[in-house]
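[1] Pasting the sequence and the predicted coordinates here, then a few questions.
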Amino acid sequence: MHQSSGRVGLGFSLALLTAVLWGLLPIALKWLLSSMSAATITWIRFMVAAVLVGVVLLVHKKIPSLSALTKRKKLLILIAIAGLLLNYILYLNGLFLLTAETAQVVIQLAPFLMMLGAVYLFKERLLLWQKIGAWLLVFGLLLFFNDRLALLLTQFGSEGYGLLLVIAAAVAWACYALAQKQLLMSFNSQQIMWLIYMAGALCFLPAVELAPVLELSAWQWGIVVFCCLNTIVAYGAFAEALQHWQAANVSAVLAITPLLTIGFAQLLAYFYPQFPSESLNAWAWVGALLVVVGSMLTALAPMLRQRL
C-alpha cells in the first residue's frame, strides 16, 4: 500500500491548487460557450490533452497496448471512454443553460453516485459517516435551490433541462470512475486518460465548428489555453498531492471547489456585470456549505471511523 511522504504542507498546497483550478474551470468554460459550441470546446480539450499526455507516455515508453487485454477489460475501457466523453459534453450543455455556480454545486453528486455504485457493484460497505455525508449533500442541494425548487418541479424550463443534463453528467462520471477503478489493475491513470483523450478527439471531430475558432480574440484564446491546460495541471497537482498527503485529506480539500466557484463567479460578476451569475440568498449559501460538508464527511469517513 502506498505511504504518503508526510510533507503535509506541500500536500495541502497542491490539493488547494487543484481545488482552485477546478473552481475556475466552469467559469472559463461558461465564458467560452458564448463563442463556441460545447462539442468544439470538448474536442479542443481532448485533442490538446491527447497530444501532451501522449508525448509524456512516448518518452517513458508507456504507450498502452490493448492487444493482450481480455474482453472484460476491453469492455471496461469502452465504459470508461463513454462515461467521460458523456460527462464532458453533457456537463457543458448543462452549463450553457445554467450559471457556473449552479452547475458546480450539482455536479458534486458525481462522487456520491460513484460511492453508491461501489456499494452495489463491488459490495463495499457504506460507513455511518458516509451515510450522514450523503444526507447532508442531498439536503444541501434542496436548500441551495430553496425558492426555485417549486418552480423547477412545476414548470420545466431551460434551467430544469440544464439540471437534468448536469445530473446525467454526474451519472456518466460515476460510470467512468467505477470502470477506471478496475482498469487501474492493468494500466496507470495517465495511460487510461490518454486512451480516453484519443477516443474523445476522434469522436468529437465530426462535430467541430472551425469558423468560430478562427474568429476568437487573443483574450478568448487565452481562456482556451487555460481550459486545455487546466485538466492536465490540476490532475498533475492532484496526483502529486496524493504522494505527500493522505487521499481522504486531499479529497476533503477538493470538496471546497463549489464554494470557490461561487466566490470567483460572484467576484467576476461584481467587476464584470455582463457575466451571468447567480443571485444567492442566505439559504442558498447554507445549502452550498452543506453540500461541501457532506462531501468532506464522505471523503473522511474511513479516517473518522478509525479515530472515533
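    Done, it's in.
[2] all contacts plus neighbour counts: C-alpha atoms, from now on.
    Fine.
[3] mind checking pLDDT for residue 9?
    pLDDT, residue 9: 78.
[4] What helices and strands are in contact with the helix or strand where it lies?
    For residue 9, the host element (DSSP states H and E) is helix 8-32. Helix 8-32 makes packing contacts with helix 71-97, helix 100-106, helix 218-244, helix 247-254, helix 257-271 when contacts are defined by 3 or more C-alpha pairs under 8 Å, 6 or more residues apart in numbering; DSSP states H and E.
[5] The same query, at a cut-off of 10 Å, please.
    Judged by 3 or more C-alpha pairs under 10 Å, 6 or more residues apart in numbering; DSSP states H and E, the packing partners of helix 8-32 are helix 38-59, helix 71-97, helix 100-106, helix 218-244, helix 247-254, helix 257-271.
[6] tilt between it and helix 257-271?
    Between the axes of helix 8-32 and helix 257-271, defined by axes from the mean of the first three to the mean of the last three C-alpha atoms, to 10 degrees, the angle is 50 degrees.
[7] Determine how far helix 8-32 lies from the middle of the whole chain.
    On the basis of C-alpha atoms, centre = their mean, to the nearest Å, helix 8-32 is displaced by 11 Å from the centre of the chain it belongs to.
[8] and what of stretch 281-293?
    Distance, centroid of stretch 281-293 to centroid of chain: 19 Å (C-alpha atoms, centre = their mean).
[9] Let me know the average pLDDT across it.
    On average, stretch 281-293 scores 92.
[10] got the buried residues for that stretch?
    Using 16 or more other C-alpha atoms under 10 Å as the test for burial, stretch 281-293 gives 283-293.
[11] And for stretch 70-90?
    73, 76-90.
[12] what sits against the nearest residue to residue 205 once chain neighbours are set aside?
    Once flanking residues are discounted, residue 205 sits nearest to residue 43: 6.5 Å by C-alpha to C-alpha, 6 or more residues apart in numbering. Counting by C-alpha atoms under 10 Å, 6 or more residues apart in numbering, residue 43 touches 49, 85, 88-89, 197-198, 200-208.
[13] one step back: among the buried residues of stretch 70-90, show me the least confident.
    residue 73 (89).
[14] For the lowest-mean-pLDDT helix or strand in the chain, name the packing helices and strands.
    Lowest mean confidence among the helices and strands of the chain (mean pLDDT, DSSP states H and E): helix 247-254, at a mean of 76. When contacts are defined as 3+ C-alpha pairs under 10 Å, 6+ apart, helix 247-254 sits against helix 8-32, helix 218-244, helix 282-307.
[15] now those helices as TSV including distance to residue 129?
    Output for the helices and strands packed on helix 247-254, formatted as TSV (distance: least, C-alpha to C-alpha, whole Å):
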stretch	distance to residue 129
helix 8-32	22
helix 218-244	22
helix 282-307	5
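[16] Kindly state which of those is positioned closest to residue 178.
    Closest of those to residue 178 is helix 282-307, at 16.0 Å (criterion: C-alpha to C-alpha).
[17] ok and the closest one relative to helix 257-271, angle-wise?
    Between the axes of helix 282-307 and helix 257-271, defined by the same axes, to 10 degrees, the angle is 150 degrees.
[18] before we move on, the earlier item: could you export the least confident helix or strand of the chain as CSV, CA atoms only?
    Output of helix 247-254 as CSV, limited to C-alpha atoms (Å, rounded to 0.1, in the frame of the first residue of the first chain):
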residue,chain,number,x,y,z
ALA,A,247,-6.1,10.6,0.0
ALA,A,248,-9.0,11.3,2.4
ASN,A,249,-7.5,14.7,3.4
VAL,A,250,-6.9,15.6,-0.3
SER,A,251,-10.5,14.7,-1.2
ALA,A,252,-11.7,16.8,1.8
VAL,A,253,-9.8,19.9,0.5
LEU,A,254,-11.2,19.3,-3.0
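[19] For that helix, give me every contacting residue.
    Under the contact criterion C-alpha under 10 Å, 6+ apart, helix 247-254 has outside partners 4, 8, 11-20, 22-23, 238-239, 241-242, 244, 255, 292-303.
[20] Can you flag the buried ones in those?
    Buried members of the contacts of helix 247-254, counted by 16+ other C-alpha under 10 Å: 11-12, 14-20, 22-23, 238-239, 241-242, 244, 255, 292-302.
[21] which residue packs closest to residue 53, ignoring adjacent ones?
    Residue 53 sits nearest to residue 194 (C-alpha to C-alpha, 6+ apart), 6.2 Å away.
[22] residue ranges with poor pLDDT in the stretch 1-150 of the chain?
    The model of the stretch 1-150 of the chain has pLDDT under 70 over residues 1-6, 8.
[23] Now residue 107, what are its backbone angles?
    phi -70, psi -10 (degrees, to the nearest 10).
[24] Pull the most distant pair out of the buried residues of stretch 70-90.
    Every pair of those checked by C-alpha to C-alpha; the farthest is 73 and 90, at 25.3 Å.
[25] Show me what counts as buried in stretch 128-137.
    129-134, 136-137.
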